[in-house]
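> Quick check, what structure comes out for this input:
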Amino acid sequence: MRTTGLYLSRAAALSGRYEEARSHLADLARDSEFGAEQEREELEALLQSLEEGEKTWDRFRREFEHELLSADARRTPESVEELEKLDEEWGARWAASGLPAVPELRRAFHDYCALLHSIRARSLGRPLEAREFELASSLVKRMLLFGPTDDEGMFSPPYDPDECSSLAVVALVKRQFEHVETCSTIALETRGAPYLNLLLRSIARARSQDYSGAREDILLCESLRGISDSSRLFLTEILVAMGEYEEAADNLIVAVEPGCEAERVRLLALLAMETGKTAEGSDLVSRVPARDPGQPRARVVLSRLLRKTGDLGEARKRLESLHNAGYETEESWFELAAIHGQEQEYLKAAAALERANGLNPRFAEAHALACELLLAQIESGTGEALESIELWVDRGRRCFGDDAPETALLEAYQVVARNELSEGLALASRARESETARCSGRASRLESRIRIQLAGGEGAIGAAQESLKREDCPEGWAQLIEALLARGADSDARRVLSRALGKYPRSIRLSGLLSELGEPGSRER
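Numbers count the residues shown, from 1 in each chain. Next up, the predicted model:
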């Protein structure tokens, strides 16, 4: 009776059924076998705190929602910072409200603010709906009551579709993308809100680099509500990541509403960068307004452009400025790691990749770059990094599965580090099937390198050309030049090098090849 009564009372309290909780407590007080007065008093204190906290929560929530909607209604490109100040102001007011008995509410309120902004930012250009406010309020209460890490305790059959939707949004805010996919899928199977859950699952799949699944879900979203500017742009970002550049370009030709123009410009810059049009990409990024919410993402694109063109110092400076300002994503840390790698600052690169992996363990590019840099250390004799490669391979298997092309790429680096080139070639060839254009390009470059070592360049030229189709970058051009040199096509190598330097004049790798080739005709002499 004692254990059952405690459980029932606590469960009722945490579910907001306060009268039922008090009834169980009264039964416990009458039960002569109970005897644990302290536990009963703790439950009564919890019940009182929850009731008081919920009243204060609802009051603050109503006032905050009113101001948020008013700010949205007044929103113009010049007043975006008003929304940013709103969080700070209300966070201070909430902290000043007291409630020492429920200190977690302060954290929950900040989560609630961030969550509403996240839903709005991901709502494909439409205003927030009353239902979403209720979902946000419900799910943050659940986070408060069960704690920030006890997701499994919140999630057990029979499944409630609204609760599953709520948990999916919680997981998205907490960057637990696999959990987002699980919750939104169950919500869809139990007749939860189809548009919201398809959207959540699409975002989660894209962040986990399951691009075909993300594209399928966003197209289903469009079939429910029709195509919108924001959904078209989200689909375009997926297409760019998959290397479907022509279809992405077609999507970006269409004019969009003013609120989506900055994102369209950012994607145009990203597309230009991925297809080797670096000058055009840099010009496009500069058009994103300084106060636009998409400015930080645009600055990450610009840093990537600067890195590809060889301006490593300026690229690093811009990324560090973003991080110091509190903006960080797996992409921003990946870019910083790539810069450190080109500078052969391998310890700094490793630290940045750990940060990227911490933000998104399923970010396949971070795994691949880590193994590539570790292999470079082994080949240059600057480090014994085989155990570290094995660590990243194990992480990849857990994240992507044993048979995934992303895992095959990591295993290819591992066996090449052991000088098992034939097996590495087979794995790199399989890794080219990756849906991530950059990972596929990296696999093609590795395949070209292995072919040069195995057979004097047989098939290496084709692999290098394939990598450039997937990702136009200095490393890809350098690999093609080395493949041509391995086949004795020095004149073709010089011609390709001249073209590559026209795109990437400050590339350290290409400049090194220029020094090696010397003046025209020098190698033949």
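> Quick one: end-to-end length of stretch 377-395, please.
End-to-end distance for stretch 377-395, by CA to CA, to the nearest Å: 20 Å.
> any weak-confidence spans in the stretch 301-450 of the chain?
382-384 (pLDDT under 70).
> got it, and the stretch 1-150 of the chain?
Across the stretch 1-150 of the chain (using pLDDT under 70), the flagged ranges come out as 1-18, 27-43, 45-150.
> same thing but at 50, please
Residue ranges of the stretch 1-150 of the chain with pLDDT under 50: 1-3, 32-34, 73-84, 87, 90-91, 94-109, 119-128, 141-150.
> can you count the residues close to Arg175?
Per other CB atoms under 10 Å, the neighbour tally for Arg175 reads 16. The C-beta positions use only the backbone N, C-alpha and C, and glycine is treated the same way.
> residues in contact with it?
Neighbour list for Arg175: 207, 359-360 [criterion: CB atoms under 8 Å, 6 or more residues apart in numbering].
> Only whichever of those are buried, select them in PyMOL.
The buried subset of those, as determined by 16 or more other CB atoms under 10 Å, is captured in PyMOL by this line:
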select buried, resi 207+359+360
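> any chance of the contacts of Arg175 in a markdown table, with secondary structure and distance to Arg395 too?
Shown next, in a markdown table, are these (DSSP: H, G, I helix; E, B strand; the rest coil; distance: CB to CB, whole Å):
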| residue | secondary structure | distance to Arg395 |
| --- | --- | --- |
| Arg207 | helix | 17 |
| Leu359 | helix | 14 |
| Asn360 | coil | 12 |
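> Hmm, Ala315 is touching Val301, no?
No: between Ala315 and Val301 there is no contact under CB atoms under 8 Å: 11.0 Å.
> Hmm, Ala204 and Thr185 touching each other?
No: using CB under 8 Å as the test, Thr185 is too far from Ala204 to be in contact (9.8 Å).
> Looking at those two, which is more packed in?
Taking other CB under 10 Å, Thr185 and Ala204 do not tie; Ala204 has more neighbours (28 against 18).
> Skipping adjacent residues, who's closest to the more buried one in space?
Distances taken as CB to CB, 6 or more residues apart in numbering put Val180 closest to Ala204, at 3.7 Å, once the chain neighbours are dropped.
> quick one, phi psi at that neighbour?
phi -60, psi -50 (degrees, to the nearest 10).
> Same check on the one 4 residues further on?
In terms of degrees, to the nearest 10, the main-chain angles of Ser184 are phi -70, psi -30.
> was I right about it contacting Ala168?
Yes: the pair formed by Ser184 and Ala168 meets the contact definition of CB under 8 Å, at 4.2 Å.
> Tell me the residues that contact both of those two, please.
Shared contacts of Ser184 and Ala168 (CB under 8 Å, 6+ apart): 197, 200-201, 204.
> Would you mind giving those as a markdown table with distance to Met242 added?
Listed next are the shared contacts of Ser184 and Ala168 as a markdown table, based on distance: CB to CB, whole Å:
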| residue | distance to Met242 |
| --- | --- |
| Asn197 | 23 |
| Leu200 | 20 |
| Arg201 | 17 |
| Ala204 | 17 |
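> would you turn those into TSV with secondary structure, pLDDT and distance to Arg266?
Below are those laid out as TSV (DSSP: H, G, I helix; E, B strand; the rest coil; pLDDT from 0 to 100; distance: CB to CB, whole Å):
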residue	secondary structure	pLDDT	distance to Arg266
Asn197	helix	82	27
Leu200	helix	81	22
Arg201	helix	88	24
Ala204	helix	86	21
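> Asp229: which of those is nearest?
Distance to Asp229 across the shared contacts of Ser184 and Ala168 (CB to CB) is lowest for Leu200, with 19.6 Å.
> That closest one: how many residues sit nearby?
For Leu200, the neighbour count with other CB under 10 Å is 27.
> need the contact list for it.
Going by CB under 8 Å, 6+ apart, Leu200 touches 165, 168-169, 172, 180, 183-184.
> Filter these down to just the ones in helices.
165, 168-169, 172, 180, 183-184 (DSSP state H).
> Dump those into TSV; add neighbour count, pLDDT and distance to Arg506 as well.
Output for those, formatted as TSV (neighbours: other CB atoms under 10 Å; pLDDT from 0 to 100; distance: CB to CB, whole Å):
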residue	neighbour count	pLDDT	distance to Arg506
Ser165	26	71	49
Ala168	30	74	45
Val169	25	67	44
Leu172	24	70	39
Val180	27	81	40
Cys183	30	80	46
Ser184	30	84	44
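> Out of these, the closest to Glu343 would be?
Distances from Glu343 to those, taken as CB to CB, are shortest for Leu172 (34.7 Å).
> Tell me if I'm right that the closest one and Arg205 touch.
No: using CB under 8 Å, Leu172 makes no contact with Arg205, being 11.6 Å away.
> For Glu471, what are phi and psi?
Phi and psi for Glu471, reported as degrees, to the nearest 10, are phi -150, psi 110.
> Looking at it now. What's its pLDDT?
Here the pLDDT value assigned to Glu471 is 79.
> what does the one 4 residues further on give?
According to the model's per-residue confidence, Glu475 sits at a pLDDT of 84.
> and the helix or strand containing Thr236, what does it pack onto?
In the assignment (DSSP states H and E), Thr236 maps to helix 229-242. When contacts are defined as 3 or more CB pairs under 8 Å, 6 or more residues apart in numbering; DSSP states H and E, helix 229-242 sits against helix 194-207, helix 211-225, helix 245-253, helix 261-274, helix 437-455.
> could you dump the first one to PDB, C-alpha only?
Taking only C-alpha atoms (Å, rounded to 0.1, in the frame of the first residue of the first chain), the coordinates of helix 194-207 have been written out as PDB:
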ATOM      1  CA  PRO A 194       0.400  15.400 -39.800                       C
ATOM      2  CA  TYR A 195       1.900  18.700 -41.000                       C
ATOM      3  CA  LEU A 196       3.700  19.500 -37.800                       C
ATOM      4  CA  ASN A 197       5.100  16.100 -37.300                       C
ATOM      5  CA  LEU A 198       6.200  15.700 -41.000                       C
ATOM      6  CA  LEU A 199       7.900  19.000 -40.700                       C
ATOM      7  CA  LEU A 200       9.700  18.000 -37.400                       C
ATOM      8  CA  ARG A 201      10.800  14.700 -38.900                       C
ATOM      9  CA  SER A 202      12.000  16.300 -42.100                       C
ATOM     10  CA  ILE A 203      14.200  18.800 -40.100                       C
ATOM     11  CA  ALA A 204      15.500  16.000 -37.900                       C
ATOM     12  CA  ARG A 205      16.300  13.800 -40.900                       C
ATOM     13  CA  ALA A 206      18.100  16.700 -42.700                       C
ATOM     14  CA  ARG A 207      20.200  17.400 -39.600                       C
END
